[in-house]
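Visitor: Fold the following.
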Amino acid sequence: MDSTLSAPPRLRALSSTPISSKTARTQIESFLEDYQARSIGAKAADTALVVQLDKLSTALHEERQRKRSEKSA
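Guide: Purely as a prediction, here's the structure:
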């Protein structure tokens, strides 16, 4: 007999604090390093997660560079 499917839990933020793209990028890169270090031992790395976070980190870096160049122009 098939088990009943249940919806994933819904998460709702109670508050938020804005951070700079530099801080966000630093935190993402730190998480990725830790995640990859843990996953290598278990050989269970979720490559989709790593790729998406890496793309986000790169986009944040590019956004910061673009903002810097706009300020200097």
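Visitor: Now for A24, how many residues are close by?
Guide: Residues contacting A24 under the criterion other C-beta atoms under 10 Å number 16. Placement of C-beta: from N, CA and C, glycine included.
Visitor: I'd guessed it sits against H61; true?
Guide: No - with contact taken as C-beta atoms under 8 Å, A24 and H61 are classed as non-touching, separated by 10.1 Å.
Visitor: which stretches of this protein have low pLDDT?
Guide: Counting by pLDDT under 70, the chain contains low-confidence residues at 1-3, 40-46.
Visitor: hmm, try it at 90
Guide: Using pLDDT under 90 as the threshold, the predicted model of the chain has low-confidence ranges 1-13, 19-22, 24-25, 28-29, 31-58, 60-61, 63-64, 67-73.
Visitor: Which stretches in it count as strands?
Guide: Along the chain, counting by DSSP state E, no stretch forms strands.
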